[in-house]
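Only the shape, not the letters, is given here:
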Ligand SMILES: Nc1ncnc2c1ncn2[C@@H]1O[C@H](COP(=O)(O)OP(=O)(O)OP(=O)(O)O)[C@@H](O)[C@H]1O
Ligand SMILES: Cc1cn([C@H]2C[C@H](O)[C@@H](COP(=O)(O)O)O2)c(=O)[nH]c1=O
């Protein structure tokens, strides 16, 4: 078999990704955005069009909400306000970007989604997950992910990565806010430990809709494991 035919046969599963919705999630510094970019490149090489957005943000209104949420100056923000703002950004994103792109046959790749609200404002913040889901159902209507991939990493590894990332950012960006950690990253170690556990608990409770990837390994190793696990899952769709 020629090399190109071999590639066609081995990547046939990729076509099952059309009109699907995949979320990348995990603790800050887990490396999810790195793997997001790698999957994007991989599917484009295989001729799949994508809609790629981040949360909070992804729409012009959502990006304004993001600024409010992550600005360390807003330290008086109460938990219910925080949760509703994340969800408001998500409602706009679902209607403005996700729904139309799905109808268009694109693969939807989202950096964070309601899984983050359940982990941060729920497991770590203390809000009842059933309240979050009730607001989520109102905000999202019928726009729910087919798969949420959790990039799991311990706190220490994540912290080292974030320090490295912010050092590089200092050379690249000029805004004052980019020089410092955002409001959520500034929360303490206990909070971030509960965030991680919150993600793992969601995955354990919903194995059909979640995938957990060990993100502590080198980038290339994480990628190989991720694409192998994703292929297995997508072949069942
Ligand atoms: N497997 C890895 N091993 C070591 N470093 C990594 C790995 N994956 C990503 N990094 C580096 O760690 C930093 C954080 O990665 P990335 O931005 O992908 O994480 P993230 O989880 O999306 O972060 P955030 O939640 O803060 O947006 C980056 O500097 C990136 O180059
Ligand atoms: C969607 C969502 C996000 N968060 C937190 C998680 C991060 O600390 C920031 C987003 O920053 P990133 O650089 O894009 O990862 O917000 C949250 O607490 N709740 C949510 O629903």
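Thanks, I have the structure now. Quick caveat, the model's predicted, so the values are computed rather than measured. Numbers count the residues shown, from 1 in each chain. Ligands and ions are numbered 1, 2, ... in the order given.

close to ligand 1, is stretch 106-115?
No - Stretch 106-115 is not in contact with ligand 1 by C-beta under 6 Å from any ligand atom; minimum separation 6.7 Å. C-betas here are computed from N, CA, C, even on glycine.

Would you work out how far apart the start and end of that stretch are?
Start-to-end span of stretch 106-115 (C-alpha to C-alpha, to the nearest Å) is 22 Å.

Is any residue of that stretch near ligand 2?
Yes - judged by C-beta under 6 Å from any ligand atom, stretch 106-115 comes into contact with ligand 2 at residue 112.

Give me the contacts around that stretch.
With C-beta atoms under 8 Å, 6 or more residues apart in numbering as the test, stretch 106-115 has contacts from 17-25, 32-33, 36, 39-40, 43, 48-56, 58, 87, 90, 93, 98, 101-102, 132, 136, 140, 145, 148, 150, 199, 202, 210.

One more: stretch 230-237?
In contact with stretch 230-237 (C-beta under 8 Å, 6+ apart) are residues 13, 14, 16, 17, 20, 39, 146, 147, 149, 211.

which residues touch the fourth one?
What it means is residue 17. Residue 17 is in contact with 43, 48, 107, 234, counting by C-beta under 8 Å, 6+ apart.

Mind checking which of the residues you listed are in strands?
residue 107 (DSSP state E).

of the contacts of residue 17, closest to residue 65?
Proximity of those to residue 65 (C-beta to C-beta) peaks at residue 107, which lies at 24.9 Å.

Can you report how many residues lie near that closest one?
24 (other C-beta atoms under 10 Å).

May I have the beta-bridge partners of it?
Beta bridges link residue 107 to residue 50, judged by DSSP bridges.

quick one: residue 211 from residue 225, how far?
Distance, residue 211 to residue 225, using C-beta to C-beta, to the nearest Å: 10 Å.

Could you do residue 31 as well?
Plainly put, residue 31 is 12 Å away from residue 225 if you go by C-beta to C-beta.

Looking at those two, which is more packed in?
Between residue 31 and residue 225, counted using other C-beta under 10 Å, residue 31 has the larger neighbour count: 24 against 15.

so the more buried one sits right up against residue 215, yeah?
Yes - with contacts defined as C-beta atoms under 8 Å, residue 31 counts as touching residue 215 at a distance of 5.1 Å.

which neighbours do these two share?
What both residue 31 and residue 215 touch, as defined by C-beta under 8 Å, 6+ apart, is the set 151, 153, 222.

which one of those is nearest ligand 2?
residue 151 (11.3 Å; C-beta to the nearest ligand atom).

Mind checking what secondary structure the closest one has?
Put simply, residue 151 is strand when judged by DSSP: H, G, I helix; E, B strand; the rest coil.

Count residues in the vicinity of it, would you?
Using other C-beta under 10 Å as the criterion, residue 151 is surrounded by 26 other residues.

Could you confirm residue 27 falls within a helix?
No - according to three-state DSSP, residue 27 belongs to no helix; its state is coil.

Contacts only, for it.
Contacts of residue 27 (C-beta under 8 Å, 6+ apart): 152, 153, 155, 158, 192, 195, 196, 199.
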